[in-house]
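Peer 1: Sequence and predicted structure, then a few things I'm wondering about:
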Amino acid sequence: MQAKRRIAFLGVTPGDAPATLTMLAAFREGLVGEGLLEKRDFAIDYSPESRIDQVPTKVAEVLKGSPALLVAVTTPVALAAAKATRQVPIVFGTVSDPVGSGLVASLARPGGNITGVSNMLPALSGKLLELVRELIPGTSRVDVLWNPDNPAKAIEAEELRTAARKLSVALKEFPARTLADIENALARGVKERPTVLVILGETVTYTYRKRIAELALAGRIAVVSNISTHTEAGGVMSYQPEYRALYRRVGALAGKILKGAKPADLPVELPAKFELLVNKGAARALAISIPPSILLRADRVIE
C-alpha cells in the first residue's frame, strides 16, 4: 500500500454538523481497527452535497481529484458514484436496499467496484407502524412525509404500504422535496387532525427537522421516524440502526480495500445494532403517555 492514500468522503450534511462529526469519527475508528493511521496511511477529504439533483455534478468534481477510494453516503450518492466510475473503489453507507437499488448483484457477491453497509430501512418500515400502534393503541390513520425524488425513500414507502395493509392502517402520503412542501403538508395535516406523522428521514427532512418539530407540536401531531435526529429535535420516537457501529464497519471495509482487497470480494454488511429513542418531553407536550413496554425497551430516553 502506498503511503497516505486519499479517501474522498461524499456526504449529505455540512462537515461541522454533529451527525457528520459522529459519522467521521466512527469511520476513522474502523480504519484504525484495520491497522491504518491518519496522516501516515490515509487522508479524508469530506465533501457535502444536500441537493439530490446536484449529486452527479459533485461526484464528477470529486473524482477529478483521483481519490484512492470514494465513500458514498446515501443511495442517491452511491448510485451517482457507481454510474460515474468503474475504476475507483466505492464503499457506501446509509443505503436502504443495495440489491433493490441496483447497486450490487447480491449482498454476498457485490460484483464490480462497489460494496458497503446497508442500513436496512425498508425492513424497518413495518416496525415503525408496530411502534405507532403500541404508542397510541387503535391508531387507524398515519400521515407519511417522504421525498419521492430519493429512490431509497420510494423503496421504504412501498414497504410501509405493505406493512400498513397488514395492520389495517390507512396511510396519507405527503411528498417533501422542499421546506414549502413540508409546511404545506403539515398545514393540511393539521386541518384533518391526524395523530401521527411518520417521517422517512433523509437530507431534506434532516435540514428542516426543527421546523418540522415546531409545526408538529403546534398541530398536536406525534412525529415517529426512522432517523433519531427527528426525535432529538422534538419528535416523540424513532427506531433506527446504530449508525456509529455502522460507520465503523464502513471504515473497516475501506481499510481492507486500501490494503489490497477488492470490493467485489467483500460482502455487503447489514447493521447488527438498532436504537429505540423516546422523547418523553415531546410526548408530555402532546399529552401522550409512553407505554411502559416501550420505555423498558428504549435505548435512550430524552426527558
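Peer 2: Received, thanks. Small disclaimer: the values here were computed from a predicted structure and weren't measured.
Peer 1: Skipping adjacent residues, who's closest to residue 13 in space?
Peer 2: Among residues not flanking residue 13 along the chain, residue 20 sits closest, at 4.8 Å (CB to CB, 6 or more residues apart in numbering). C-beta coordinates here come from the backbone N, C-alpha and C atoms, glycine included.
Peer 1: Where does the one you found fall, secondary structure wise?
Peer 2: Here residue 20 sits within helix 18-33, counting by DSSP states H and E.
Peer 1: Please export the alpha-carbon coordinates of that helix; PDB is fine.
Peer 2: In PDB, the C-alpha atoms belonging to helix 18-33 read as follows (Å, rounded to 0.1, in the frame of the first residue of the first chain):
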ATOM      1  CA  PRO A  18     -23.000  16.800  14.800                       C
ATOM      2  CA  ALA A  19     -24.200  13.900  12.700                       C
ATOM      3  CA  THR A  20     -21.200  14.300  10.300                       C
ATOM      4  CA  LEU A  21     -18.700  14.500  13.100                       C
ATOM      5  CA  THR A  22     -20.000  11.300  14.700                       C
ATOM      6  CA  MET A  23     -20.000   9.600  11.400                       C
ATOM      7  CA  LEU A  24     -16.500  10.600  10.500                       C
ATOM      8  CA  ALA A  25     -15.200   9.700  14.000                       C
ATOM      9  CA  ALA A  26     -16.700   6.200  13.700                       C
ATOM     10  CA  PHE A  27     -15.300   5.800  10.100                       C
ATOM     11  CA  ARG A  28     -11.800   6.700  11.400                       C
ATOM     12  CA  GLU A  29     -12.200   4.100  14.200                       C
ATOM     13  CA  GLY A  30     -12.900   1.500  11.600                       C
ATOM     14  CA  LEU A  31      -9.800   2.400   9.600                       C
ATOM     15  CA  VAL A  32      -7.600   2.400  12.700                       C
ATOM     16  CA  GLY A  33      -9.100  -1.100  13.500                       C
END
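Peer 1: by contact count, what packs against it?
Peer 2: Packing partners of helix 18-33 (3 or more CB pairs under 8 Å, 6 or more residues apart in numbering; DSSP states H and E): strand 5-11, strand 42-48, helix 243-258.
Peer 1: Just the residues contacting stretch 22-29, thanks.
Peer 2: 9, 11, 38, 44, 46, 71, 73, 93, 243-248, 250-251, 254 (CB atoms under 8 Å, 6 or more residues apart in numbering).
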